[in-house]
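Trainee: give the three-dimensional model of this entry:
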Amino acid sequence: MTTPDKHFERRARELWHEAAQRIDPATAGRLRAARRQALATTRAPAPAPRAG
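Mentor: Next up is the predicted model:
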């Protein structure tokens, strides 16, 4: 990972934690679920292209 990517990731994490302290628990739970889903999607292997 390049330095700008690391900086971006660190800043995103800081903002995430800050926002988590300012929102209600129900919204925080929905955001955590969405974040987990987004991370799982980016880590999953890409589907094989279809022949056709």
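
Trainee: please name the nearest non-neighbouring residue to Ala28.
Mentor: Leaving aside its chain neighbours, Ala28 sits nearest to Ala20 (5.5 Å; criterion: CB to CB, 6 or more residues apart in numbering). C-beta: built from backbone N, CA, C; applies to glycine.

Trainee: what's the burial count for that neighbour?
Mentor: Each residue near Ala20 was counted by other CB atoms under 10 Å, and the total is 13.

Trainee: per-residue pLDDT of Pro4, please?
Mentor: Pro4 carries a pLDDT value of 83.

Trainee: quick check: the gap between Phe8 and Arg43.
Mentor: 17 Å (CB to CB, to the nearest Å).

Trainee: with neighbour numbers in mind, choose between these two.
Mentor: Per other CB under 10 Å, whichever of Phe8 and Arg43 has more neighbours is Phe8, with 12 against 7.

Trainee: can you tell me how far the more buried one is from Trp16?
Mentor: 12 Å.

Trainee: for His7, same thing?
Mentor: 15 Å.

Trainee: for the residue nearest the centre of the chain, identify the helix or strand it belongs to.
Mentor: Closest residue to the average C-alpha location of the chain: Arg35 at 4.3 Å, with CA atoms, centre = their mean. Using DSSP states H and E, Arg35 sits in helix 25-43.

Trainee: sounds good, over and out.
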